[in-house]
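Q: Prediction below, plus the sequence it came from.
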Amino acid sequence: MLEARNLKKQFASGESSLIVFEHLDFVAAEGEFVIITGRSGSGKSTLLYLLGLLDTPNEGVVSIDGFVGSTLSRNARSDLRLDRLGYVFQDYGLMAEMSALDNVVLPLIMRGKSRAEAKELARAALDRVGLGDHAKYRPSKLSGGQQQRVSIARAIAHNPSYILADEPTANLDTTSALEILSMFRAIHKAGSTIIMVTHERESLSMATRVLELKQGQLVDVTHIPQSPLQQMVGL
Amino acid sequence: MDPRSMPPSSFRRTWNTIRVGFFLANRQMLANKGTSILIVVVMILTYLNLLMVSGLLVGIVDGLRQERRDHYTGDIMIVQHDRKNAILNSPDTISYLKTLPLITSFSPRYKTTGIIEGNYAEKITEQDTPDVIISTFIGIDPTAEDATTGLSHLIVEGEYLRPTDYNQILIGTSLLARYKTLTALPGTIPIPKVGVGDKVRIMLNGIEREMTVKGIVASKLEEINLSAYMVDAQLRAMLGRTNRGVNEIAVRVAPGASAPTIRDQLKRSPIGNNGLILYGRDSEPSFFQDFASTFGQLGTILGSTGLVISFIAVFILVFINTVTHRRSIGILQAIGVRPGGIEIGYVAQSSLFSSLGAVIGIALNFMLIEPYFVAHPIDFPFSNGILSVSITEAWVKALVLYIAIMCASIVPARMIMRQEIVDAILGR
């Protein structure tokens, strides 16, 4: 279970400060597909960074499968991220100097796989996202949609418990965005827990739970009607 | 997955971190081959700067030492004891040296000081100042001397002495105004208008002789330039050395033979107490060591400056590299790479660059640069400057460079790693 209790995040700039949210609670159980939505600047991504132990809350705790982030050393937090989390970033977050394959291989080596084993698993992950024949390409040679698929392959290659996705379709055209969303649906169906931040309503129907971050609080808005576009593409 | 099964600080985690560090280093270097090669070139130049600045400065003194060994002392020098006017039992000493197979040649010398006067035929009034200069007179067996010190190769004008050349003399350039060098003795005026074929008058041990200048001797060594050479029999007669007591013997050992070992053997031999048996720096005037020490310090200061500059250059290079890769560093941490793995990535690159720079620098130095300077010494006024670098010194400096570059890369990598991951990702 990925859980946040009594979270507070505040940004200070000089003498002024901005409280993004306060007394915020969040729970994602195993097998859930949670979408966090909200307006730009509502703090969705900030919340996701806190849930992924990439940032430190001003107050409150985040725990992943019983491990409380604030009680762990930097290395232990890295290990926890490696073992339990997979990240998909809005702008893909790929290493420009590495091929698609190497980008996926990297966390697998960190997990202790041999080079050959890591390559095998990475190829399998790239095959799952339909990029098996693009393994040797560097990110700069791939389209936005393809780069995001590499990012997804990297996130799922080591079979993490939770996949955190931060606006994964925000930089993509409609067709690519829908491809990516259907990929997430497939990953979820395969058993992964997904927590996705998005402001695109087309993805909401995939979620088991939809939470809207509004005025610093999470509101459950799971039951909303599908958009015509969703109905058209069958999501 | 059972949370408690995770061993966050196990050996395996650390090993994986190291593996990832090397993986990152490898990929970054391969992706930026041009930059990597450029950095290695900078490392090579930095290392050669570190090595050559002090090497050349020390080489000035070493060039002088080599000149002295080649053309004056030989490999071993036997000199008279203090307060003695000659090597004791000189004939026995010479006979003993002849029996040693590892001694290829030796040159016994008579040595004294006296005055050389030139142009005396032109000085006809009492007001005319005589053209005189104090000189060291060395009596040599021309054949033995040439075999031991190659003195004939130092003749720049005229001819070398033959054993029968009585009343003929070789004069060092610093004694003659035509050849006057920067280092003529203070308070002395080299004799003007005297060259090969001219007559000079010598005065030593209360005896005057008129001699003809047969040749001019030029060396980087002022001990030679301030000397006048004549055949040993004539100087012996002028000194009245009926016991044939010589003042010094220059000894040349066989190629490959160890001069210090032979020196030690001679010290333990029956002739061991006849004179002082010296090798290398033992026979040097003390200012040689002063020079070497001063130049060594100067070289270290200049080399260290170069090292500091390269430290700063690498620091800036790694800092810029880490700053421009800040987002990537954040993402690497986000996907579970430990900060140590990323640091190792940078450190491994710097380690490889500095190691390659040093190893290639060492190879260049000993296979190309040093042989070049041996073949083409730098023509300093007082020395044929060579590049003097010992292999130990080369490795020590390689280690110094390595440590400096390691520090220069660790510090900026650590600085970037210290910030929050999200700040690195978002460039805050």
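A: That came through fine. Numbers count the residues shown, from 1 in each chain, chains lettered A, B, ... in the order given.
Q: Quick check: which element contains B:Lys214?
A: strand B:207-217 (DSSP states H and E).
Q: by contact count, what packs against that strand?
A: Judged by 3 or more CB pairs under 8 Å, 6 or more residues apart in numbering or on different chains; DSSP states H and E, strand B:207-217 is in contact with strand B:155-158, strand B:168-172, strand B:199-204, strand B:227-231, helix B:232-239. C-beta coordinates here come from the backbone N, C-alpha and C atoms, glycine included.
Q: Tell me, how many residues neighbour the closest residue to B:Leu151 other than its chain neighbours?
A: With sequence-adjacent residues excluded and distances taken as CB to CB, 6 or more residues apart in numbering or on different chains, B:Leu151 is closest to B:Glu145, at 5.0 Å. By other CB atoms under 10 Å in any protein chain shown, 27 other residues sit near B:Glu145.
Q: What distance do you get for B:Glu145 to B:Ala254?
A: To B:Ala254, B:Glu145 is 18 Å away according to CB to CB, to the nearest Å.
Q: Equivalent analysis for B:Arg244, please.
A: Distance from B:Arg244 to B:Ala254, by CB to CB: 26 Å.
Q: tell me the SS of the residue in the stretch 101-250 of chain B that chain A sits nearest to?
A: Nearest to chain A, among the residues of the stretch 101-250 of chain B, is B:Lys220, at 55.5 Å (CB to the nearest CB). Classification of B:Lys220 by DSSP: H, G, I helix; E, B strand; the rest coil places it in coil.
Q: Wait, it touches B:Asn384, no?
A: Yes - assessed by CB atoms under 8 Å, B:Lys220 is found in contact with B:Asn384 at 5.6 Å.
Q: between these two, what contacts are shared?
A: Common neighbours of B:Lys220 and B:Asn384, counting by CB atoms under 8 Å, 6 or more residues apart in numbering or on different chains, are B:Gly63, B:Leu64, B:Glu67.
Q: Please tabulate these in TSV, including the columns pLDDT and distance to chain A.
A: Putting the shared contacts of B:Lys220 and B:Asn384 into TSV (pLDDT from 0 to 100; distance: CB to the nearest CB, whole Å) gives the following:
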residue	pLDDT	distance to chain A
B:Gly63	84	49
B:Leu64	84	53
B:Glu67	87	55
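Q: Now B:Ile344. Nearest residue, chain neighbours left out?
A: The shortest distance from B:Ile344 to any non-neighbouring residue, by CB to CB, 6+ apart, is to B:Gly21 (2.5 Å).
Q: Identify the residue nearest the closest residue to chain B within chain A in space, chain neighbours excluded?
A: Per CB to the nearest CB, the residue of chain A with the smallest distance to chain B is A:Leu82, at 2.6 Å. Nearest residue to A:Leu82, sequence neighbours excluded (CB to CB, 6+ apart): B:Gly336, at 2.6 Å.
Q: How is whichever residue of the stretch 51-200 of chain B sits closest to chain A assigned, secondary-structure-wise?
A: Closest contact between the stretch 51-200 of chain B and chain A, by CB to the nearest CB, is at B:Leu51 (33.2 Å). What three-state DSSP gives for B:Leu51 is helix.
Q: isn't it right next to B:Gly361, touching?
A: Yes - contact criterion CB under 8 Å: B:Leu51 and B:Gly361 qualify, at 6.6 Å.
Q: Name the SS class of the closest residue to chain A within the stretch 201-350 of chain B, please.
A: Of all residues in the stretch 201-350 of chain B, B:Gly336 sits closest to chain A, at 2.6 Å by CB to the nearest CB. Of the three states, B:Gly336 takes coil under three-state DSSP.
Q: Do you know the pLDDT at A:Val233?
A: Predicted confidence (pLDDT) for A:Val233: 46.
Q: B:Leu204 now?
A: Looking at B:Leu204, the pLDDT reads 92.
Q: Which of the helices or strands spans the residue lying closest to it once chain neighbours are set aside?
A: Ranked by CB to CB, 6+ apart and with sequence neighbours excluded, the top spatial neighbour of B:Leu204 is B:Gly114, at 2.9 Å. Using DSSP H and E, B:Gly114 falls within strand B:103-118.
Q: Give me the sheet partners of the following helix or strand past that strand and which way each runs.
A: Following strand B:103-118 in sequence order, the next helix or strand is strand B:131-140 (DSSP H and E). When pairing is defined by DSSP bridges, strand B:131-140 lines up against strand B:103-118 (antiparallel), strand B:227-231 (parallel).
Q: Indicate whether stretch A:181-192 makes contact with chain B.
A: No - figure legend: stretch A:181-192 not in contact with chain B (CB under 8 Å from any CB of the partner chain); closest approach 12.3 Å.
Q: what does that stretch rub up against?
A: A:31, A:33, A:86, A:129, A:149, A:152, A:156, A:160-163, A:165, A:168-169, A:194, A:196, A:202-203, A:206, A:235.
Q: What about the closest residue to B:Val253 other than its chain neighbours, how many residues nearby?
A: Take B:Val253 and drop its neighbours on the chain: the residue closest to it by CB to CB, 6+ apart is B:Asp75, 4.6 Å away. With neighbours defined by other CB under 10 Å, the count for B:Asp75 comes to 23.
Q: hang on, isn't B:Asp75 packed against B:Thr261?
A: No - the pair B:Asp75 / B:Thr261 is not scored as a contact, 11.0 Å apart, by CB under 8 Å.
Q: dump the residue contacts of the residue nearest to B:Val253.
A: B:Arg69, B:Val251, B:Arg252, B:Val253, B:Ala259, B:Ile262, B:Tyr279.
Q: for B:Asp198, same thing?
A: Contacts of B:Asp198 (CB under 8 Å, 6+ apart): B:Gly118, B:Thr212, B:Val213.
Q: Now do the contacts for the first one.
A: Translated: B:Gly118. B:Gly118 neighbours (CB under 8 Å, 6+ apart): B:Asp131, B:Val132, B:Ile191, B:Pro192, B:Lys193, B:Val194, B:Asp198, B:Val200, B:Arg201.
Q: Tell me, how many residues neighbour the second one?
A: Yep, that's B:Val132 we're talking about. 18.
Q: overlap between the contacts of stretch A:181-192 and the residues near chain B?
A: Counting by CB under 8 Å from any CB, the members of these near chain B are A:Gly86, A:Ser161.
Q: so of the contacts of stretch A:181-192, which ones are in helices?
A: A:Arg149, A:Ile152, A:Ile156 (DSSP state H).
Q: could I get those residues as a markdown table with pLDDT and neighbour count?
A: Shown next, in a markdown table, are the ones in helices among the contacts of stretch A:181-192 (pLDDT from 0 to 100; neighbours: other CB atoms under 10 Å in any protein chain shown):
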| residue | pLDDT | neighbour count |
| --- | --- | --- |
| A:Arg149 | 89 | 26 |
| A:Ile152 | 90 | 26 |
| A:Ile156 | 89 | 23 |
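Q: Show me which residues of the helix ranked longest in chain A are buried.
A: Longest helix of chain A, by residue count under DSSP H: helix A:174-189. Neighbour counts over helix A:174-189 (16 or more other CB atoms under 10 Å in any protein chain shown) mark A:Ser176, A:Ala177, A:Leu178, A:Glu179, A:Ile180, A:Leu181, A:Met183, A:Phe184, A:Arg185, A:Ile187, A:His188 as buried.
Q: Rebuild these as JSON lines, extending it with distance to B:Leu332 and pLDDT.
A: Listed next are the buried residues of helix A:174-189 as JSON lines, based on distance: CB to CB, whole Å; pLDDT from 0 to 100:
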{"residue": "A:Ser176", "distance to B:Leu332": "25", "pLDDT": "84"}
{"residue": "A:Ala177", "distance to B:Leu332": "26", "pLDDT": "84"}
{"residue": "A:Leu178", "distance to B:Leu332": "30", "pLDDT": "85"}
{"residue": "A:Glu179", "distance to B:Leu332": "26", "pLDDT": "85"}
{"residue": "A:Ile180", "distance to B:Leu332": "23", "pLDDT": "85"}
{"residue": "A:Leu181", "distance to B:Leu332": "27", "pLDDT": "87"}
{"residue": "A:Met183", "distance to B:Leu332": "23", "pLDDT": "86"}
{"residue": "A:Phe184", "distance to B:Leu332": "23", "pLDDT": "87"}
{"residue": "A:Arg185", "distance to B:Leu332": "28", "pLDDT": "88"}
{"residue": "A:Ile187", "distance to B:Leu332": "22", "pLDDT": "88"}
{"residue": "A:His188", "distance to B:Leu332": "26", "pLDDT": "90"}
